[in-house]
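[1] Build the 3D model from these lines:
(one chain, ligands or ions: 2)
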Amino acid sequence: MHTSLRSIVQNMPKAELHIHIEGSLEPELIFALAERNGVSLPYASVEALRAAYAFKDLQSFLDIYYAGASVLLQEQDFYDMTAAYLRRAEADHVRHTEIFFDPQTHTARGVPMATVINGIHRACQDSPVSATLILCFLRHLSEDDAIATLEAALPYRDKFIGVGLDSSEVGNPPEKFARVFSRCKDLGLRLVAHAGEEGPPAYIYAALDVLHVERIDHGVRCLEDHALTRRLAEEGMPLTVCPLSNIKLCVFRDMKQHNLLQLLDAGLVATVNSDDPAYFGGYLNENLLAAFDSLPLGLQHAYQLARNSFVASFLSEADKQKHLDDVDAYFAAFNLT
Ligand SMILES: Nc1ncnc2[nH]cnc12
Ligand SMILES: [Zn+2]
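    Numbers count the residues shown, from 1 in each chain. Ligands and ions are numbered 1, 2, ... in the order given. Okay, the predicted model is just below:
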């Protein structure tokens, strides 16, 4: 890639809409927190842990990801993890981020909901990056567990803007969570769900028609269904695409096979995101650069991706417009046709 396009992509104002905060926990911080909390780890060193990051699919990643999160016990641990991510985001010129967190991973170990939410939220308040929170339900657990989690989180309703659905996709279709999502909609929460990462297009239809989500996380398998692709484009339904994640979890063989360009060409509001940056080899700019390095993407695509990231966000229309004006001002210096 031309060095100037590289620096344009790195420096452009952008939003990140698909980042699991537990997936930003770097091996060094896992070891530091294990030491601080007296937790023993089944790995001898940071290097040994990192060497275990060779995944063959989503589940092989999730097993290690949940083990890594076991070092998080105190509010300060959640604060430190989140503050570290937000510093990386700031360095990548992220102006706004909507952060996923998985409370069940922690409450199941006896960590209070207050500890989780207050630690993450306080770090968001202390950052110069605009940051809001999305509580994710773990889809490998029951809907009753999700409902109990929602109830436990409601005293902190002012600290998160929406809910999502993550963890093991295949075998846990969106329909399983119809009641809890309906309740969340009634509460005025924003709704998203992982769908079409490993699961089929039918899961994307169900996320739209049963859960009534406002964004699809991943969604890359939509291209297998032309009617679905057309519908997503017509509805302006955003997809939060995570290129390095898709390669590391073997959704695509390599970055040259990734369908990001086809998604954009189909008129979809596709965005680029990091998913679990500590596990997949990079934060937001590294995801963008990896895609630009391997795919025939140019300046116009950079502009489109910067715009899409704000269009797809849950910011107010006024705040969106301010960021979109910043994107336009930034790109005005370059030769956009
Ligand atoms: N890529 C992903 N898919 C589903 N659940 C996740 N939890 C963290 N990362 C995830
Ligand atoms: Zn994800």
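[2] My read is that residue 278 contacts residue 22, right?
    No. Under the criterion of CB atoms under 8 Å, residue 278 lies out of contact with residue 22, with a separation of 9.0 Å. Every C-beta, even on glycine, is put in place using the N, C-alpha and C of the backbone.
[3] When the two are compared, which one has more neighbours?
    With neighbours defined as other CB atoms under 10 Å, residue 278 and residue 22 compare such that residue 278 has more, 26 against 22.
[4] where along the stretch 201-337 of the chain do the strands fall?
    In the stretch 201-337 of the chain, strands defined by DSSP state E, counting those that start in this stretch lie at 215-218, 239-241, 270-272, listed in chain order.
[5] Show me what the last one is in contact with.
    The contact list for strand 270-272, computed with CB atoms under 8 Å, 6 or more residues apart in numbering, reads 15, 17-18, 238-243, 260, 263-264, 284, 287-288, 291, 305, 308-309, 312.
[6] now that strand, how far from the chain's geometric center?
    11 Å (CA atoms, centre = their mean, to the nearest Å).
[7] what about it, average pLDDT?
    Average pLDDT, strand 270-272: 99.
[8] Please renumber the chain so that the first residue is 859 from this point on.
    Okay, residue one is now 859; in that scheme the one you just asked about reads as strand 1128-1130.
[9] Please enumerate the strands of the stretch 909-1058 of the chain.
    952-959, 988-996, 1020-1024, 1048-1053.
[10] got a markdown table for the ones you listed, with mean pLDDT too?
    Listed next are the strands of the stretch 909-1058 of the chain as a markdown table, based on pLDDT from 0 to 100:
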| stretch | mean pLDDT |
| --- | --- |
| strand 952-959 | 99 |
| strand 988-996 | 99 |
| strand 1020-1024 | 99 |
| strand 1048-1053 | 99 |
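[11] what residues are up against the nearest residue in space to residue 1061 that is not next to it in sequence?
    Spatially, and ignoring its direct neighbours in sequence, residue 1061 is nearest to residue 1053 (4.5 Å; CB to CB, 6 or more residues apart in numbering). With CB under 8 Å, 6+ apart as the criterion, the residues that contact residue 1053 are 1023, 1027, 1032, 1061-1062, 1064-1065, 1071, 1074-1077.
[12] distance of residue 1053 from residue 1035?
    Spatial separation of residue 1053 from residue 1035 under the definition CB to CB, to the nearest Å is 11 Å.
[13] do residue 1122 as well
    Plainly put, residue 1122 is 30 Å away from residue 1035 if you go by CB to CB.
[14] Show me what from this protein comes close to ligand 1.
    Those residues of the chain that sit near ligand 1, judged by CB under 6 Å from any ligand atom, are 878, 881, 916, 923, 1024-1025, 1052, 1055, 1103, 1133-1134.
[15] What about those, which are in helices?
    Residues from the residues of the chain next to ligand 1 lying in helices, with DSSP state H as the criterion: 916, 923, 1103.
[16] Any idea what whichever residue of the chain sits closest to ligand 1 is bridged to?
    With CB to the nearest ligand atom as the measure, the residue in the chain that lies nearest ligand 1 is residue 1024; the distance is 3.6 Å. Using DSSP bridges, the beta-bridge partners of residue 1024 come out as residue 996.
[17] Against residue 1075, how distant is it?
    7 Å.
[18] Quick check: neighbours shared by these two?
    residue 1052.
[19] quick one, which of the two is more surrounded?
    residue 1075 (28 against 25).
[20] residue contacts, the more buried one?
    Going by CB under 8 Å, 6+ apart, residue 1075 touches 876, 1022, 1024, 1050-1053, 1055, 1097-1098.
[21] biggest separation within the residues you listed, which pair?
    1024 and 1097 (15.1 Å; CB to CB).
[22] Look at the nearest residue to residue 1193 once chain neighbours are set aside and say how many residues are nearby.
    Sequence neighbours aside, residue 1157 is the residue nearest to residue 1193 in space, at 7.3 Å (criterion: CB to CB, 6+ apart). Neighbour count of residue 1157, defined by other CB under 10 Å: 17.
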